[in-house]
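> pasting the structure only:
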């Protein structure tokens, strides 16, 4: 197969599949939507054409079956129902698998014969005697009100061409429209202007291009005329027509889009990151000279602005809309709700909110786990909801919210909620924690046990859930993406699971802190505030040290001296300052400065550790970046205490 064609075909084919799945789900509620049917037909036709160029015969055959079925639907010989939609969706899954084989450099294997026979049987059930009527678009503009007549004719060399001619006087397009068609395709060398008859013929592909350029997807009157005008008549029409300016087409928009390999973007981001580090080191090196040299100070400020602008623009290159995360969810809800016998409506909000491509790519699996978990565990059966005086149709709401330098993604339902006592009991039964540890858990910590590996409230595993891996995958993915996970629930009302992620994964603003003689960094996105630690606010509760805040909130204390150096910090005898996160109060020796940093992974460490990575400070030192969420969870599970 041709590697260059394959490189272009695969991303376009995947985009077509994503769009096709969205349109098929819409088709179930709008089975007579002609535009949807026409768009789906074109998608499979395009997939088949590209597969033909690659000599992927099994993919050609499979897309042909689906194209034939869509043709029957488009021609009103069949009407889409649930069984038809199921067959098409399963056919899409087969095509997706074939594309994966192509991506690995292998020719696709044949699709499942049973499903292929089923698709062909559905198509064969149509009345074959019924002819497909021409698609007539709504008269959006004057140019779309006419018809074009075509005729296949044999050329002088024996090949077959397609001859285009204006209609009869009763139904003709204007000379300007016809001339515009010829000008767009041939410029000043339109067929019919040359002397030979052979120049009157264009190929079928050229004719399709003419219609697409002038009318888009709804070319009017693409029918074979019963009475064909002569070539001489076509010449006279073209000579009499006055040339007009080329109308703007969708092709001009496509030219503004450039498809770039993701590895090139990653290389650009890495170089920008290195430039940020060099900027930080330069500013640190010349900080003592800026007050004495005004020119140097001005140059440093201008360089800061330029590097910041470059950094922002480079980050935008990797930003993608959250719609890419959401577009698979309607299919998940449809399949799972039908399997469970539940009525569920999915609401999507914030599809245009943009986030880093790395987050978009990583959240596909976790979002599916969250939706399935909500459907299986949270949403009640219709009769149960009716007894609870709830609408029989439940609602799952997924939304993305832009919050400054973060993006928050929420998955909420109006189901039964989560009982923390049931969660603790199941955790004890499975041996995930001891009775002593269970007694010290707060209600929120008990609820968060659902994210433990191997935890599930179901007695028996099903295709949807029960294996104790789904929510653990969610937690680990959020941690690796430097995000924050939040769980809120009310019994009988519903549950909301929220994830917060930084806008970009390439640049990380950090706060440098000192722990005795060692320097560490904390992500600024995880810090709520800085505070002066007061000894009288420190208390003991259930075997742990906690801190009483001004607003009445009580949070556990994480003494970094005890955790990282095995030597607790002591108030009164050494400097101690507090860094407040949403889950704990971190004790350090001193809070220093903040700056933008580039995070480097620590692949050589075990899976369970307290670091997000490492960076290089403005002074050129390697600094470990702490993971506040891991520190807090370590403290809560082991009962770390730093005060007597």
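Thanks, I have it. Values in this document were obtained by computation on a predicted structure and should not be read as measured data.
> Below-threshold pLDDT in the protein: ranges please.
1, 126-202, 204-255, 458-469, 606-608, 634-644 (pLDDT under 70).
> per-domain residue ranges of it.
Domain segmentation of the chain under automatic domain parsing yields 3-124, 142-245, 263-318, 321-502, 507-638.
> Columns distance to residue 257 and mean neighbour count on top of those, output as JSON lines?
Where you see a C-beta, it was placed from the backbone N, CA and C, and this is true even at glycine. Formatted as JSON lines, these follow (distance: least, C-beta to C-beta, whole Å; neighbours: other C-beta atoms under 10 Å):
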{"stretch": "domain 3-124", "distance to residue 257": "12", "mean neighbour count": "17"}
{"stretch": "domain 142-245", "distance to residue 257": "18", "mean neighbour count": "16"}
{"stretch": "domain 263-318", "distance to residue 257": "13", "mean neighbour count": "14"}
{"stretch": "domain 321-502", "distance to residue 257": "14", "mean neighbour count": "17"}
{"stretch": "domain 507-638", "distance to residue 257": "25", "mean neighbour count": "16"}
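> Now those in a markdown table, please, with extra columns for distance to residue 256.
Shown next, in a markdown table, are the domains of the chain (distance: least, C-beta to C-beta, whole Å):
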| stretch | distance to residue 256 |
| --- | --- |
| domain 3-124 | 17 |
| domain 142-245 | 17 |
| domain 263-318 | 15 |
| domain 321-502 | 17 |
| domain 507-638 | 27 |
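> who's in contact with the residue nearest to residue 528 when sequence neighbours are not counted?
Leaving aside its sequence neighbours, residue 528 sits nearest to residue 580 (C-beta to C-beta, 6 or more residues apart in numbering; 4.6 Å). The contact partners of residue 580, by C-beta atoms under 8 Å, 6 or more residues apart in numbering, come to 527-531, 549, 555, 586.
> what do you get for residue 382?
Shown in contact with residue 382 (C-beta under 8 Å, 6+ apart): 341-343, 392-393.
> could you say what helices and strands the longest strand seen in the chain packs with?
Criterion DSSP state E: the longest strand present in the chain is strand 393-403. On a contact count with 3 or more C-beta pairs under 8 Å, 6 or more residues apart in numbering; DSSP states H and E, strand 393-403 meets helix 323-326, strand 343-349, helix 364-373, strand 406-413.
> okay, the ones you listed in CSV with distance to residue 535 next?
As requested, those are exported to CSV (distance: least, C-beta to C-beta, whole Å):
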stretch, distance to residue 535
helix 323-326, 47
strand 343-349, 46
helix 364-373, 42
strand 406-413, 34
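> Quick check: which of the ones you listed is nearest to residue 482?
Among those, the nearest to residue 482 by C-beta to C-beta is strand 406-413 (10.5 Å).
> Give me the sheet partners of the closest one and which way each runs.
strand 393-403 (antiparallel), strand 494-502 (antiparallel) (DSSP bridges).
> out of these, nearest to residue 516?
That would be strand 494-502 among these, by C-beta to C-beta, at 29.2 Å.
> Just want the angle from that closest one to helix 364-373.
Going by axes from the mean of the first three to the mean of the last three C-alpha atoms, to 10 degrees, strand 494-502 is angled at 170 degrees with respect to helix 364-373.
> who touches strand 494-502?
Contacts of strand 494-502 (C-beta under 8 Å, 6+ apart): 355-356, 359, 363, 366, 370, 374, 378, 403, 405-418, 474, 478, 481-489, 508, 523, 525.
> Name the next helix or strand downstream of it, please.
Sequence order places strand 507-515 as the next helix or strand after strand 494-502, per DSSP states H and E.
> C-terminal to that next one, what's the next element?
Strand 507-515 is succeeded, C-terminally, by strand 518-523 (DSSP H and E).
> The next helix or strand after that following strand pairs with which strands, parallel or anti?
Using DSSP H and E, the helix or strand that follows strand 518-523 towards the C-terminus is strand 527-531. When pairing is defined by DSSP bridges, strand 527-531 lines up against strand 577-581 (antiparallel).
> follow-up on the earlier one: would you convert the contacts of residue 382 into CSV that also reports distance to residue 66?
Compiled in CSV, these are given as follows (distance: C-beta to C-beta, whole Å):
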residue, distance to residue 66
341, 29
342, 29
343, 29
392, 34
393, 31
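> any idea which of those is the one closest to residue 298?
Out of the contacts of residue 382, the member with the shortest distance to residue 298 (by C-beta to C-beta) is residue 393, at 64.1 Å.
> ok, back up a step: out of the contacts of residue 382, which one sits closest to residue 441?
residue 342 (31.3 Å).
> residues in contact with that closest one?
375, 379-382, 394.
> In CSV: those residues, plus distance to residue 309 and secondary structure.
Shown next, in CSV, are the contacts of residue 342 (distance: C-beta to C-beta, whole Å; DSSP: H, G, I helix; E, B strand; the rest coil):
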residue, distance to residue 309, secondary structure
375, 45, helix
379, 47, coil
380, 52, coil
381, 56, coil
382, 55, helix
394, 47, strand
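> Which members of these are the farthest-apart pair?
375 and 382 (13.3 Å).
> ok so, going back, closest one of the contacts of residue 382 to residue 273?
residue 342 (46.7 Å).
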